[in-house]
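Participant: Okay, here's the prediction I keep looking at, along with the sequence it came from:
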Amino acid sequence: MPRYANSKLKAAVHQIRREEIELAALRVVCKRGFPATSLRLVAKEAKVPLSILHYYFKDKNELMQCVMQRLFDGMLRVFDSIRASEPDPVKRIDRLLETYLTRTTEEWQASLAFIEYWAECVREGTVEKFY
């Protein structure tokens, strides 16, 4: 196999594993909340050794930033699709609000995790990382 193809394969595997770890972290945060989530629990959920987590993420804070970014990006994608599909401004606002309220109530654990992470950033004085 040519060297270039091998490096592309390694990069793809790296990205897939990183996404799997982020999704496992999201599941743990939704089950236990942000304060009770540890890298050890995430490693167990992702079925990888703890050392692998440290290869991909410096610490819990870096992992949680990626998880929160994933949550935020998902919500923005939903909002963007509503904005693009609804030409009437009043109906668009109605759908945006309805979607936001539905999503935050149905996925309340993710919303709570988002708020807990923000509060932790405020306590640590690192809220600029959050934004």
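Facilitator: Yep, it's here.
Participant: Quick check: which ranges of this structure have low pLDDT?
Facilitator: Across the chain, residues meeting the criterion (pLDDT under 70) sit at 1-5, 129-131.
Participant: Determine which residue lies closest to the centroid of it.
Facilitator: Taking Cα atoms, centre = their mean as the criterion, V67 is the residue nearest the geometric centre of the chain, at 2.3 Å.
Participant: residues in contact with that one?
Facilitator: With contact taken as Cβ atoms under 8 Å, 6 or more residues apart in numbering, V67 is in contact with E22, A25, L26, V29, A113. (Each C-beta comes from the backbone N, C-alpha and C, glycine too.)
Participant: element containing the second one?
Facilitator: By that I understand A25. According to DSSP states H and E, A25 maps onto helix 3-32.
Participant: buried ones in that helix?
Facilitator: I21, E22, A24, A25, L26, R27, V28, V29, C30 (16 or more other Cβ atoms under 10 Å).
Participant: Pick out whichever of those residues sits closest to S81.
Facilitator: Set against S81, the nearest of these by Cβ to Cβ is L26 (21.0 Å).
Participant: Ignoring the adjacent residues along the chain, who's closest to that closest one?
Facilitator: Sequence neighbours aside, V67 is the residue nearest to L26 in space, at 5.1 Å (criterion: Cβ to Cβ, 6 or more residues apart in numbering).
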